[in-house]
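*Asks:* Give me a model of this one.
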Amino acid sequence: MRIGFNPHKDKKQEASEYFHQVVIPVYIPNQDDYFKDSFAILKYCMESLLLTSHKKTYFTIVNNGSCQVIVDYLNNLFEEHKIHEVIHCPSIGKLNAVLKGLSGNNFQLVTIADSDVLFLNHWQKETYAVFNAFPKAGAVCPTPSAKSFKTYATNIWYELFFSEKLYFTDVKNPKALEEFANSIGYPGFYNKYQLDKYLTVSNKDFKAVVGAGHFITTYRGAIFEKLDKKYSSYKLGGDSEKELLDLPVVKKGLWRLSTLDNFAYHMGNSKEDWMQHKLDEIQPNEYVAESKLNLNTIPSTQLGYWIKNKLFAKFFLRKKILTQCLRYKGLSKEAAEHYL
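*Replies:* Model prediction:
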């Protein structure tokens, strides 16, 4: 039987002091074979995240069916007030775990990162700089890729095809691209032409790389307000990232971009000496985020999405046509022929 009146009924939530959420799903079911170094990798990830993030960052870690050692570690981080939220669930798949982390929260920016990311100094500051320079930025990755220029980026090509703002420029940190290739066990992932030039978009003197990856990306929080899908049938891969992370950005008429330089590393599942060295080089964060970013709503229509990302893409992505477009945007004939 209820007696009395609940004092919290009809009262609004107090405004949060945080505006940037970081969601990290963690799946380490054991410490054998493939996962034998995963706990150490996770520790590098968390330590680097906590060292490099500003005080208005809200940390949400989703345990996606990990073993007890990981459960205890995450609970300890929470009890020590190092993270704000830890969610425990059975193994439901990476993207479903991410959705649990998003649910019940409302932040202007949301970073979704894998648990094998090593965060570097200035990753937030440089990410914000891209959002500030490009009003249409909807997702920003702090690890550029020379191969991201055609993946859910045809809307940028369509809008800037005849503009000098879209052009190939020198890769700022080719070593970082090579290190990423090594981290995924594919040293030849980038050829010499891709290590030399990448496609960029410019706003006066400021540039960003066209396209964005998945292992760490910051999104406008509004991207996830009305998702067409709120469940993935895949544990990992499949069309889960496309449906829940890529399409929602371009459907809102927004761009997927990356920073020029590298501000995070992909560690993979094997512990290596360089990881501790990089962690030791990190300086305590001195960046103070005074307030939220000024992110204006960009008008978008279903027709505009269809024209830029379906109709235009159907012809643009044909190899012969795309090769000529690469030349038009600054690559030599030889480079264009080997770039795809």
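*Asks:* Next SSE downstream of the worst-scoring helix or strand of the chain on mean pLDDT?
*Replies:* In the chain, the helix or strand scored least confidently by mean pLDDT, DSSP states H and E is helix 240-241, which has a mean of 80. Under the assignment DSSP states H and E, the closest C-terminal helix or strand after helix 240-241 is helix 247-251.
*Asks:* need the strands for the stretch 151-300 of the chain, in chain order.
*Replies:* 166-170, 197-203, 206-210, 216-220, 255-258, 264-266 (DSSP state E, counting those that start in this stretch).
*Asks:* Can you lay out these as a markdown table showing mean pLDDT and distance to residue 72?
*Replies:* (Glycine included, C-beta is placed from N, CA and C.) As requested, the strands of the stretch 151-300 of the chain are exported to a markdown table (pLDDT from 0 to 100; distance: least, C-beta to C-beta, whole Å):
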| stretch | mean pLDDT | distance to residue 72 |
| --- | --- | --- |
| strand 166-170 | 98 | 47 |
| strand 197-203 | 98 | 42 |
| strand 206-210 | 99 | 40 |
| strand 216-220 | 98 | 25 |
| strand 255-258 | 99 | 36 |
| strand 264-266 | 97 | 26 |
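*Asks:* which one of these is the most hemmed in?
*Replies:* Mean neighbours per residue, mean count of other C-beta atoms under 10 Å, is largest over those for strand 255-258, with a mean of 27.
*Asks:* which helices and strands sit right next to that one?
*Replies:* If contacts are counted by 3 or more C-beta pairs under 8 Å, 6 or more residues apart in numbering; DSSP states H and E, strand 255-258 sits against strand 137-141, strand 206-210, helix 247-251.
*Asks:* of these, which approaches residue 302 most closely?
*Replies:* Closest approach to residue 302 among the helices and strands packed on strand 255-258 (C-beta to C-beta): helix 247-251, 8.0 Å.
*Asks:* Now do the nearest residue to residue 136 once chain neighbours are set aside against residue 120, distance only.
*Replies:* In space, residue 136 comes closest to residue 255 once its chain neighbours are excluded; the distance is 4.7 Å by C-beta to C-beta, 6 or more residues apart in numbering. Relative to residue 120, residue 255 is positioned 23 Å away (C-beta to C-beta, to the nearest Å).
*Asks:* Where does pLDDT dip in the chain?
*Replies:* Counting by pLDDT under 70, the low-confidence segments of the chain come to 2, 4-15, 231, 233-239.
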